[in-house]
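A.B. asks: Build me a model from this:
(chains A and B)
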Amino acid sequence: MGMSTGGGGGVKADPNVTPMIDVMLVLLIIFMITIPQINAGFTAVPPEGQNLKPHPEEDGDQVLGIDDQGRYYLNKQPVRNEDLETLVREIYGVEGRDDYIMYVKAHKDLQYLKVIDAMDKLSKNGVRVAALISEQSPGTESLVESDRLRPGGN
Amino acid sequence: MGMSTGGGGGGLTNEINVTPMIDVLLVLLVIFMIIVPMSRKAIDTQLPDPNPQPAQPNANPDQIVLEVLPDDKYAINKEPIDKAKVFERLKSIYDPRPEKIIFVKGDTMTTYANVVWAMDQARGAGVKVIGLAPK
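C.D. replies: Down below sits the predicted model:
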């Protein structure tokens, strides 16, 4: 590029933005690829609600997904229904584990039987609290004060 | 920028004005970066005790059980109630009540969304602990 070597005219030399665009584009593409990957294989539309408690994602969170066919996914990996109990016990049955919360992301139109069945299996294998992942209805805010205080905290 | 107005006297090597493109890309990038760790929201529920004590029929007659029946019908302590009035009723129960515990019992034929709706209303009415009733 002849221009970048020129620069005799004064201080107004334009910076060469091409590498920056390259980086941006690569980052953009990386993000665009990783987002669907995060939910790969598992698609469930969680129900909507208004008074929800924020639960920022953390490492080590265990998420049970139940898709619209009632299939189970443990941390986004499909698991056979009959294997679920064993796998959950492996996670929560460990001595010294100090949290007994499991996130449950289930499809909103599922028959409740399918969900309570799963809960039943969780409770038998060491899970004490099931956090039912829901989405904030657009334009609403929780009526519970502690949900609003620190959006990032508990 | 002087360059873009410079009008191609030198030949075909005009540089495109990339600034708006960078703007758009940066905005897209920021949007994606915000969406990825987007704060997740959930309703905490206590799962039923896997080994229930043998004798506890009506051990606590004071407890509130919200039933979610099929076809979008609801009942509080067996008493059917209009969907539109569920929130009001819960609020009037829990405002004066010190123990903010509710049991939500969903019929197996109802949909998951209805049960979550019911829990949502309960939380809005001041309930702190939601217990799932066993099947």
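A.B. asks: I'd like to know how far the residue nearest the centre of chain A sits from residue A:31.
C.D. replies: In chain A, the C-alpha nearest the mean C-alpha coordinate belongs to residue A:57, at 6.6 Å (CA atoms, centre = their mean). Distance of residue A:57 to residue A:31, given as CB to CB, to the nearest Å: 16 Å. Just so you know, the C-beta spots here come from the backbone N, C-alpha and C atoms, and that holds for glycine as well.
A.B. asks: quick one, what contacts the most centrally placed residue in chain B?
C.D. replies: Nearest to the mean C-alpha position of chain B, by CA atoms, centre = their mean, lies residue B:42 at 5.3 Å. Applying CB atoms under 8 Å, 6 or more residues apart in numbering or on different chains, one finds that residue B:42 lies in contact with A:52, A:53, A:55, A:103, A:131, A:132, A:133, A:134.
A.B. asks: Swap in 6 Å and give it another go.
C.D. replies: For residue B:42, the contacting residues are A:55, A:131, A:132, A:133, by CB atoms under 6 Å, 6 or more residues apart in numbering or on different chains.
A.B. asks: Quick one: residues contacting the residue nearest to the centre of chain A.
C.D. replies: residue B:40.
A.B. asks: And the pLDDT for it?
C.D. replies: pLDDT, residue A:57: 79.
A.B. asks: ok, which stretches of the chain are strands?
C.D. replies: Just so you know, I chose chain A. A:48-49, A:53-55, A:63-66, A:72-74, A:77-79, A:101-106, A:129-136 (DSSP state E).
A.B. asks: sorry, should have said chain B
C.D. replies: B:40-46, B:65-69, B:73-76, B:79-81, B:101-106, B:129-132.
A.B. asks: Quick check: buried residues in the fourth one?
C.D. replies: It refers to strand B:79-81. residue B:81 (16 or more other CB atoms under 10 Å in any protein chain shown).
A.B. asks: I would like the residues contacting that strand, please.
C.D. replies: Applying CB under 6 Å, 6+ apart, the contact partners of strand B:79-81 are B:74, B:89.
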